[in-house]
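>>> pasting the sequence and the predicted model now:
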Amino acid sequence: MAMAEEQMTRRRWLDMFVKMAAGVAAVALSVPTLVMLIVPAFRREKAPWIRVGHISEFRPNEPKAVTLSYQRRDGWVIRTARTTVYVVVMGDGKVKVLSNICTHASCVVRWERSKQAFFCPCHDGYFAIDGSVKSGPPPRPLDEFQHKIEGGEIFVRLRT
Amino acid sequence: MLRRFLDWLERETGLVSAWNRFWSQPLPATVGWGHIFGALLLLCLVILFVTGGAMMFYYSPTPDQAYPSVQYIEHYLPFGKFIRALHYWAARIIVLLLIVHLVRVFLWGAYKKPRQMIWVSGVLLLLCVIGFGLTGYALPWDQKAYWGTAVRLKIAEGIPLIGHAVANFLRGGEQLGAVTLMRFYVLHVFLLPILVFLLVAWHIRQVHVLGVTPAWVKVGHEGEIPKTQRLHPDHTARIAVGAILLLALLFWLSAKFPAPLEPRANPLDTAYKPHPDFYVLWLHELLKLFPPHLEFVGSFILPSLLVILLLIVPFIERNPERHPLRRLPAVTTGLVILFAIIALNIKGMEALPEPEKLSPLAKRGQELFVELRCYTCHGINGGGGPVGPDLGLGGKRDPKKVEAILRNPGAFNAHTVMPSYDLPPEEMKALVAYIVSIGPNSKMPPIPPVEPEKPPSHFEENWFANHKFEVRKDPASCGDCHKPFFCQACHQNRRPSSHDEQWLKFHFGNAAEQPAMCNACHTPDYCEECHKLMRHDTKWLKGHGNQLVKFGELKKWSDLTMHQLCYHCHTKQSCDECHKGALPESHKAPDFLQRHGELAGAWAQGAKTNQLAQNTAVRKTSHQVCVTCHTKQFCDNCHIGTKPKSHEQPDFVLGRGTRDGGQVKSGHAREALKKGLQSCQTCHKQEFCSNCHGTEMPHPQNFVSIHVREARKDMALCQRCHTWNEPECRQCHSKRPPSHTPDFRQTHPQRISDGGISCQVCHGRNACMDCHKLPMPHPRDFVKTHGELAKQKGIKGKDSVQQLQRQLCSTCHADRYCRLCHLPATSQR
């Protein structure tokens, strides 16, 4: 009886040991693997500051379209992307960097000097110089990009 | 909850009881530690499956993306490096474990009836693992992957009849490239895993059904060994210990030795030498045993025979005994083959290049090699940039020369783009030690990835040649990644081609248009260095004279005088605009006009001692001081006709006769020697001397060698200054010249062909007259006038002609010479 009991304890102990070893192996193997798979999903890369130009290149109340060319990292592929933005220097000297995509149907808007407005030719949308909707179907003002001015140079961050 | 689910599962499928049955399988008492290798192999396969599967999420099997995606796994993913290393090491350990397992099963005789097919499936699994190794090798698409695969396909091509077809099938054509990579990928991650899964399932199923072979029992007597243990937990405990040890080993290896990743595959890089992995070394050694036309015997026939032999072992070895000592022929054969393979492998390992053993100094040098980015231009047996020579080539190097090249590459090749490295002595010593140690077997040290990664443009083939044009498009974009002085690493000795001689004059326009271009190399205060002195603000005009002096002291451009600096932007006229009429202080003295010659001389003297003038390194004559503002014509306005006082001495121009024993005779020469030629050149140009002297004055250095030629032009010119008895002449001319042979007196008329000028050099102008008492050679009209000679010579009387003839003509002419014309009176009659 004592023998059998001893046998039982040994068995139980071995059983525990094997299960623990299996658990350790499983954890040791799965943790790095899962981390490698999951972490990139939550990694947020900060959008880089892209140089737009010197402030002296822009005149007040005269929006100017600037085409930006920048390197975009897509996993292990690096592409050169291009985006056009409107740089607006307001009368009071404040700078706005506006998207040139209409908020209604994503057409490309252009500055109409004669009408002093951004005009979207798709559905006759008009935006004021500060990007707010003047008339037409657009539901909200033109998107504005975050910008900063350092030493007279304007930089823009394209993703918010 | 879980119990209810398991009950349901059991009711529906019977899986739970099958699972329990599997683990509680009874095992013979003789099963022990030798039997854990199969399970460890399974663990290895699981690790490979898991790590490989994880990497599949990030790997892209195309030639242009495979390498970047592996780099991405290595450098951008958490645990990416570790997972790849784990895959790498598990793939190597599994081969070793397979061999151990195979040998164990062979020695235990576990393949004997009824377990023949377990052995066969095991051998097939071995082939699969080798297949994994061969295909997985190519996937990172680095140098080793590309060239190793190229070599293997080349070997496959050597098999007669089918070789080319097999190689082409694997390559997907004649060329090693995109199709090959995709084929290897699909084999590695799809076909082979399916095959392995099926084989493993079959293998384990059979082991489960037929049971583990008890040790050393004759075939058919297995039942005699009591089954005292169960698979779980008795044997699984042993497996668990082995598994923990194996995992610990793999984790340690993976953490300590990351999987190698060589530079990106470059099909054009012929300098690269691939070395086979350790477990196929014996195959490569086998190849070497055969002559080239029989290579296929080593590459194909013998390995195939070995595989066939392995497959049929259980069917040809039918000895019922299991104990190795009771079936010696089979065991001996097996061991001989095994040891032959091991021996070949050891031989192959010896043939492998010695891993570089770097001294601590060279090790530091290697770090510097990476730190200084030498690899951007230089490869080491492949890898590295294409700009400089590959350091693996070219034999032994002389440390002194290496150091000299590092310090000043331009001294060895004027067109080199290599920057000079002025390192501290210890670092230089280390770097030189490393470069000298590089040989044909050295490898490029691991290169850390550059952050942020290079844009695609930098990978273009002609990027290095074209970067100057790209920079011009948008100089600021370089600054996004590179530090401000990145360019200067190479350009410190090389100005851009735009910076030519005229550059300084025109740089302002370029700098105003594109200041960023300047900032690519120069710091913003670089302009200030000059321009804070040169800034033409409101105060500028007042002190600009002094500023110019200061600027000269800066020694910025030593080859420029102060005024030349102004002329980079201004013309001379722009100074005149103001300075016309505005006199310098010196000019305001009342006696300036009288003393200006003296002053000009003083300024000239000052130029020799003046610190400023020495700095500007300009040899200024007094004239040049005046010429700063005045034109030369300005002097001529007055000086035409007016001479300095010295010029009024009577012997100033021609002072003959006063010379005695080396003393200069004429006044102007005395003056010139005393005051120096510069004082003459205050007013006169050098040509002024030459104009009168008829030869370059003062005599040029090589005058001695040309003085005979010059003298022949006009002896009179020499005689203006020199007499024939001057000691300088006598130094050479004291001896008879070689032309004056003993019969010279008789033959000299024939020798003198140049009008006697050469005689005059030594004998004086009247040399001929002294002897001949006649102009010699006779002038052209001598025939007409020779009759008058007697009168001229004052010879009178009846037979004056005969007298004359006797005195003069007979020196040269015979009596009958006259009779050629003057016929005797008798014959006239």
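Cool, the structure landed.
>>> what about residue 47, which SS state?
Looking at chain A here, since you left the chain open. Under the three-state scheme (DSSP: H, G, I helix; E, B strand; the rest coil), residue A:47 adopts coil.
>>> nearest residue to it other than its sequence neighbours?
Using Cβ to Cβ, 6 or more residues apart in numbering or on different chains and skipping residues adjacent in sequence, the residue nearest residue A:47 is residue A:159, 4.0 Å away. In this view, the C-beta of every residue, glycine as well, is placed from N, C-alpha and C.
>>> you'd agree the one you found is up against residue A:49?
No. The criterion here is Cβ atoms under 8 Å, and residue A:159 misses it with residue A:49 at 11.4 Å.
>>> what mean pLDDT would you report for the strand with the most length in chain A?
Across chain A, the longest stretch assigned as strand under DSSP state E is strand A:77-89. For strand A:77-89, mean pLDDT rounds to 85.
>>> quick check: buried residues in that strand?
For strand A:77-89, burial by neighbour count (16 or more other Cβ atoms under 10 Å in any protein chain shown) applies to A:78, A:83, A:85-89.
>>> nearest to residue B:148, of these?
residue A:78 (27.8 Å; Cβ to Cβ).
>>> do I have it right that the closest one meets residue A:71?
Yes. Look at residue A:78 against residue A:71 with Cβ under 8 Å: they come within range, at 5.6 Å.
>>> so what does the longest strand of chain A touch, helix or strand wise?
The elements that strand A:77-89 packs onto, with contact taken as 3 or more Cβ pairs under 8 Å, 6 or more residues apart in numbering or on different chains; DSSP states H and E, are strand A:49-54, strand A:64-74, strand A:95-99.
>>> so which of those strands is nearest chain B?
Closest approach to chain B among the helices and strands packed on strand A:77-89 (Cβ to the nearest Cβ): strand A:64-74, 5.0 Å.
>>> what angle do the closest one and strand A:77-89 make?
Comparing the axes of strand A:64-74 and strand A:77-89 via axes from the mean of the first three to the mean of the last three Cα atoms, to 10 degrees yields an angle of 160 degrees.
>>> quick one: contacts of strand A:64-74?
With Cβ atoms under 8 Å, 6 or more residues apart in numbering or on different chains as the test, strand A:64-74 has contacts from A:45, A:48, A:50, A:52-53, A:57-58, A:78-87, A:100, A:110-111, A:156, A:158, B:452-453, B:455.
>>> would JSON lines of the buried residues of strand A:77-89 with distance to residue B:232 be doable?
Shown next, in JSON lines, are the buried residues of strand A:77-89 (distance: Cβ to Cβ, whole Å):
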{"residue": "A:78", "distance to residue B:232": "52"}
{"residue": "A:83", "distance to residue B:232": "62"}
{"residue": "A:85", "distance to residue B:232": "67"}
{"residue": "A:86", "distance to residue B:232": "72"}
{"residue": "A:87", "distance to residue B:232": "72"}
{"residue": "A:88", "distance to residue B:232": "75"}
{"residue": "A:89", "distance to residue B:232": "78"}
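>>> from those, pick the one nearest chain B.
The closest of the buried residues of strand A:77-89, once distances to chain B are taken by Cβ to the nearest Cβ, is residue A:78, at 5.8 Å.
>>> quick check: buried residues in the helix or strand harbouring residue B:124?
Using DSSP states H and E, residue B:124 sits in helix B:116-138. Of the residues in helix B:116-138, B:118-126, B:128-138 count as buried by neighbour count, 16+ other Cβ under 10 Å.
>>> who are the packing partners of it?
Checking 3+ Cβ pairs under 8 Å, 6+ apart, helix B:116-138 ends up next to helix B:80-108, helix B:143-157, helix B:178-186, helix B:192-210, helix B:302-316.
>>> what separates the residue nearest to residue A:47 from residue A:146, distance-wise?
Distance, residue A:159 to residue A:146, by Cβ to Cβ, to the nearest Å: 9 Å.
>>> cool, residue B:389 as well?
Taking Cβ to Cβ, one finds residue B:389 at 49 Å from residue A:146.
>>> how many neighbours does residue B:690 have?
Using other Cβ atoms under 10 Å in any protein chain shown, residue B:690 has 13 other residues around it.
>>> what's next to the helix or strand hosting it, contact-wise?
Taking DSSP H and E as the criterion, residue B:690 maps to helix B:686-693. Identification of contacts with helix B:686-693 by Cβ under 8 Å, 6+ apart yields B:677, B:680, B:696-698, B:717, B:720-721.
>>> distance between it and the chain's centre?
Its chain's C-alpha centre lies 54 Å from the corresponding centre of helix B:686-693 when counted by Cα atoms, centre = their mean, to the nearest Å.
>>> any buried residues in it, and which?
residue B:689.
>>> can you give me the helices in chain A?
A:2-42 (DSSP state H).
>>> domain parsing for it?
If you go by automatic domain parsing, the domain ranges for chain A are A:1-43, A:49-157.
>>> with adjacent residues omitted, what lies nearest to residue 39?
No chain specified, so I'll use chain A. residue B:78 (5.0 Å).
>>> you looked at the wrong chain, it should be chain B
Counting by Cβ to Cβ, 6+ apart, the nearest residue to residue B:39 once its immediate chain neighbours are dropped is residue B:239, at 4.3 Å.
>>> OK, contacts around that neighbour?
With contact set as Cβ under 8 Å, 6+ apart, residue B:239 has these partners: A:18, B:36, B:39-40.
>>> and it, what helix or strand is that in?
Judged by DSSP H and E, residue B:239 forms part of helix B:236-256.
>>> mean confidence (pLDDT) on that helix, please.
95.
>>> what is the least confident helix or strand in chain A?
strand A:64-74 (a mean of 82; mean pLDDT, DSSP states H and E).
>>> please put the alpha-carbon coordinates of it into CSV.
The C-alpha coordinates for strand A:64-74 follow below in CSV (Å, rounded to 0.1, in the frame of the first residue of the first chain):
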residue,chain,number,x,y,z
LYS,A,64,-0.2,78.7,-53.3
ALA,A,65,-0.3,75.1,-54.2
VAL,A,66,2.9,73.2,-53.2
THR,A,67,3.5,69.6,-54.3
LEU,A,68,5.4,67.7,-51.6
SER,A,69,7.5,64.8,-52.4
TYR,A,70,8.5,62.5,-49.6
GLN,A,71,9.6,59.0,-48.7
ARG,A,72,6.9,56.8,-47.3
ARG,A,73,7.8,53.6,-45.5
ASP,A,74,5.5,50.7,-46.2
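>>> spit out the contact partners of residue B:52.
Taking Cβ under 8 Å, 6+ apart, we find residue B:52 in contact with B:87, B:189.
>>> what is the burial count for residue B:446?
Neighbours around residue B:446, by other Cβ under 10 Å: 11.
>>> how close does it sit to chain A?
Distance of residue B:446 to chain A, computed by Cβ to the nearest Cβ, to the nearest Å: 19 Å.
>>> on that earlier part again, tell me the spacing between the residue nearest to residue B:39 and residue B:23.
Look at residue B:239 and residue B:23: by Cβ to Cβ, they are 12 Å apart.
>>> now residue A:147
In terms of Cβ to Cβ, residue A:147 sits 66 Å off from residue B:23.
>>> look at those two and report which has more neighbours.
Comparing residue A:147 with residue B:23 by other Cβ under 10 Å, the one with more neighbours is residue A:147, at 17 against 13.
>>> list the buried residues in the helix or strand that contains residue B:400.
Assigned by DSSP H and E, residue B:400 falls within helix B:399-407. For helix B:399-407, a neighbour-count test (16+ other Cβ under 10 Å) marks B:402-403, B:405-406 as buried.
>>> this completes my enquiry, with thanks.
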